[in-house]
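**Q** fold the following for me, if possible:
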Amino acid sequence: MNKPKTASYIEYNEGFRRFVCNDATGVPVKSPEGKLTVGIGLNLEDRGLTILEARYIMNNIIDEINSELPRRLIIYNKLDDVRQAALIDMAYCMGLDRLIDFNKTFNYLRAKDFKNASVEIMRSLWAEKQTGRASRDSYMIETGEWPVGIGLTS
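**A** Residues are numbered from 1 along each chain as shown. This is a model prediction of the structure:
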């Protein structure tokens with residue numbers, strides 16, 4: 001896995017929000033009583049996260065996904081960096097448990113039928129909600145190439 005490029009790609013897809021918001025609407029979320037906190041009393045409503053803190057957390061999640069995917073998908077380590085990044089991005093977005101349910105996609109990946117694997121991604125309910133992101137991930141699975149024009153750094 002090319003971690004710097006994978007992290008840049010996920011950051012492009014997710015964007016940065018300092019404060020808690022609804023991920024479907026982008027509308028800020030406030031607690032009706034008290035403050036929303038996480039971790040060791042981190043007040044997410046007033047303080048939020050800095051970009052460096054958010055990147056630190058994102059990188060830890062990428063590491064967790066990257067170490068768990070080979071346990072759940074035997075073919076993962078046989079894929080190139082770009083296809084691994086697409087799967088990591090999908091797991092980052094929807095969760096690893098939901099990604100693992102993409103049985104047809106993984107059957108095609110095992111057969112090295114990248115075209116049909118990418119088609120199956122685009123047939124998913126996730127792709128209906130995450131059209132741009134799913135299109136990019138599907139492209140990466142099909143071609144083994146990074147998407148162009150989104151400012152990825154290596």
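
**Q** when you work out contacts or count neighbours from here on, use the C-alpha atoms and nothing else.
**A** Will do.

**Q** which stretches of this structure aren't confidently modelled?
**A** Applying pLDDT under 70 to the chain flags residues 153-154.

**Q** tell me where it has strands.
**A** 37-38, 42-43 (DSSP state E).

**Q** which residues does the first one contact?
**A** Same thing as strand 37-38. Residues outside strand 37-38 that contact it (CA atoms under 8 Å, 6 or more residues apart in numbering): 43-45.

**Q** change it to 10 Å
**A** Residues outside strand 37-38 that contact it (CA atoms under 10 Å, 6 or more residues apart in numbering) are 20, 31, 43-48.

**Q** among those, which lie within helices?
**A** Among the contacts of strand 37-38, no residue falls in helices (DSSP state H).

**Q** out of these, who's nearest residue 88?
**A** Distance to residue 88, by CA to CA, is smallest for residue 20 among those, at 22.9 Å.

**Q** list the contacts of the spatially most central residue of the chain.
**A** The residue lying closest to the centre of the chain (CA atoms, centre = their mean) is residue 89, at 2.5 Å. Contacts for residue 89 (CA under 10 Å, 6+ apart) come out as 6-7, 9-11, 13-14, 62, 65, 83, 95-96, 133-134, 137.

**Q** what does residue 87 give?
**A** 65-66, 69, 76, 81, 93, 96, 99-100, 137-138, 140-141.

**Q** only the buried subset of the residues you listed, as a PyMOL command please.
**A** The PyMOL command for the buried members of the contacts of residue 87 (criterion: 16 or more other CA atoms under 10 Å) is given here:
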select buried, resi 65+66+69+76+81+93+96+99+137+138+140+141
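
**Q** can you redo the contacts of residue 87 as CSV with distance to residue 151?
**A** CSV is the format used below for the contacts of residue 87 (distance: CA to CA, whole Å):
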residue, distance to residue 151
65, 23
66, 23
69, 26
76, 26
81, 18
93, 20
96, 26
99, 26
100, 29
137, 16
138, 18
140, 15
141, 19
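
**Q** between the contacts of residue 87, which sits nearest residue 148?
**A** The closest of the contacts of residue 87, once distances to residue 148 are taken by CA to CA, is residue 140, at 10.6 Å.

**Q** wait, residue 16 sits on residue 26?
**A** No - counting by CA atoms under 10 Å, residue 16 does not reach residue 26; the two are 11.0 Å apart.
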